[in-house]
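Novice: Give me a 3D structure for the following:
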Amino acid sequence: MRKEDSTQAIVVKLLVVGLLLELMLYSVFSLEWGEVGDALLKTAEVGEVLFNQYGVAVLMLGLLLLSAILGGVFIAQEEEE
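Specialist: The predicted model follows:
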């Protein structure tokens, strides 16, 4: 935190982090996970399903992530004076 942060700003930040943590914990503990049993898939089976049935979606998601990374690098560059 910066030195010039007021007490009110610190309280707001803590409240936001607390609410996000509570939402995350509620999401995890409210799910019914069910039994694992014999439903385990091998990695190769997951890969086959992803690229055979959802190949276009995987490629589009890859392009979206690549553009997000490139945009982040572009924004993070410092300008030389």
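
Novice: residue ranges of the helices in this protein, please?
Specialist: 7-30, 43-53, 55-76 (DSSP state H).

Novice: Can you flag the weakest of those by average pLDDT?
Specialist: Lowest mean pLDDT within the helices of the chain: helix 43-53, at a mean of 87.

Novice: Is it possible to get CSV of the helices of the chain that adds mean neighbour count?
Specialist: C-beta coordinates here come from the backbone N, C-alpha and C atoms, glycine included. Shown next, in CSV, are those (neighbours: other Cβ atoms under 10 Å):
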stretch, mean neighbour count
helix 7-30, 10
helix 43-53, 10
helix 55-76, 10
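
Novice: so how far is E45 from Q53?
Specialist: Distance from Q53 to E45, counting by Cβ to Cβ, to the nearest Å: 12 Å.

Novice: hang on, I meant L65
Specialist: Remark: distance between L65 and E45 (Cβ to Cβ) = 24 Å.

Novice: Could you do K13 as well?
Specialist: Taken as Cβ to Cβ, the spacing of K13 relative to E45 amounts to 44 Å.
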